[in-house]
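Engineer: what would the 3D arrangement of this be:
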Amino acid sequence: MNGVVHLRLSGELADITAVLANLVGSHAFRLDVNPRTYLNRGGGVRVYADISIPEQEIPR
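Structural biologist: Numbering: from 1, shown residues only. Below is the predicted model of the structure:
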């Protein structure tokens, strides 16, 4: 296991942006967001992102 979670977020782009902003703002996660969005058939969009916890440095 590489410690990365693959997210598929679906809904209104503004809502997805708010969720991603909260994750980034927490400074607890590393986030890699695919810049491409995909349209849903029923409206809204899908966004794919990878989220991980940055590796802890060993204190010297």
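
Engineer: may I see the buried residues of stretch 15-35?
Structural biologist: The neighbour-count check on stretch 15-35 (16 or more other CB atoms under 10 Å) flags 16, 20, 23, 33 as buried. C-beta: built from backbone N, CA, C; applies to glycine.

Engineer: sec struct for residue 19, please.
Structural biologist: Using DSSP: H, G, I helix; E, B strand; the rest coil, the three-state assignment for residue 19 comes out as helix.

Engineer: from the buried residues of stretch 15-35, pick the one nearest residue 6.
Structural biologist: For those, the minimum distance to residue 6 (CB to CB) is 11.5 Å, reached by residue 33.

Engineer: tell me the contacts of that closest one?
Structural biologist: 20, 47-49 (CB atoms under 8 Å, 6 or more residues apart in numbering).

Engineer: quick one: average confidence on stretch 7-18?
Structural biologist: The average pLDDT for stretch 7-18 rounds to 93.

Engineer: bridged to the residue positioned nearest the centre of the chain, which residues?
Structural biologist: For the chain, the residue nearest the mean C-alpha position is residue 49 (4.0 Å; CA atoms, centre = their mean). Applying DSSP bridges to residue 49 yields these beta-bridge partners: residue 7, residue 33.

Engineer: what sits against it?
Structural biologist: Taking CB under 8 Å, 6+ apart as the test, what residue 49 contacts is 6-7, 9, 20, 31-34.

Engineer: rerun at 10 Å
Structural biologist: Listed by CB atoms under 10 Å, 6 or more residues apart in numbering, the contact set of residue 49 reads 5-9, 16, 19-20, 23, 31-34.

Engineer: nearest to residue 43 among those?
Structural biologist: Out of the contacts of residue 49, the member with the shortest distance to residue 43 (by CB to CB) is residue 16, at 13.1 Å.

Engineer: I figured the closest one was touching residue 9, is that so?
Structural biologist: Yes: if you go by CB atoms under 10 Å, residue 16 and residue 9 touch, sitting 4.7 Å apart.
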